[in-house]
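**Q** okay, sequence plus prediction incoming.
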Amino acid sequence: MNSSSARGTRIAHIGIAVDALAGVLPFYRDILGMPEVPLDDSDGASIVGLAAGDSLVELLHSNEPGSPIEKFLRKRGPGIHHICFGVDDLDGTLARCRDAGLRLIDQEPRMGAEGKRIAFLHPASTGGVLVELTEN
């Protein structure tokens, strides 16, 4: 990768699992003034994106029985589901994760909600936080 285009690791988005979008969306959109960003649904979840500077907040609501968000809500209730870090070299970062013995949920990158390549790391390897990686 050309070093002049490297952005470094950054917070791409924070995913928040919600019981009902209509009950939570007005807080972020109307009270905090965060503009909506169109996102496609993914992994059995309806996703509403909200701009927070250079990052996004993704409100995640299950629209499919047995989806990862539905399971999360049933087990833990509403709250932060994951944090996504944008990295300059997703394949290289995953290789470093493997070399360090981290547990990967996605062994190889896959397409995510924003049409970007993504991969998840297991919370057991990241201090109890579900971490998503995406390419900058």
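**A** Yep, that arrived. A quick note: this is a predicted structure, and the numbers were derived from the prediction, not measured. Numbers count the residues shown, from 1 in each chain.
**Q** pairing partners for Val57 in the sheet, please.
**A** Ile14, Leu50 (DSSP bridges).
**Q** would you check how far apart it and Glu135 are?
**A** Per CB to CB, to the nearest Å, Val57 is found 20 Å from Glu135. In short, each C-beta sits where N, CA and C put it, glycine included.
**Q** then Gly66?
**A** Look at Gly66 and Glu135: by CB to CB, they are 29 Å apart.
**Q** who has more neighbours, those two?
**A** More neighbours surround Glu135 than the other of Gly66 and Glu135, with 18 against 9 (other CB atoms under 10 Å).
**Q** skipping adjacent residues, who's closest to the more buried one in space?
**A** Nearest-residue entry for Glu135: Leu90, 4.4 Å, with adjacent residues in sequence omitted and distances by CB to CB, 6 or more residues apart in numbering.
**Q** number of nearby residues for that neighbour?
**A** Applying other CB under 10 Å, we find 19 residues neighbouring Leu90.
**Q** what's around Val129, how many residues?
**A** If you count neighbours by other CB under 10 Å, Val129 ends up with 12.
**Q** what ranges do the helices span in this structure?
**A** For the chain, the helices defined by DSSP state H cover 21-26, 68-76, 90-99.
**Q** how near is the residue most central in space within the chain to Glu64?
**A** Closest residue to the average C-alpha location of the chain: Cys84 at 4.4 Å, with CA atoms, centre = their mean. For Cys84, the distance to Glu64 equals 21 Å [CB to CB].
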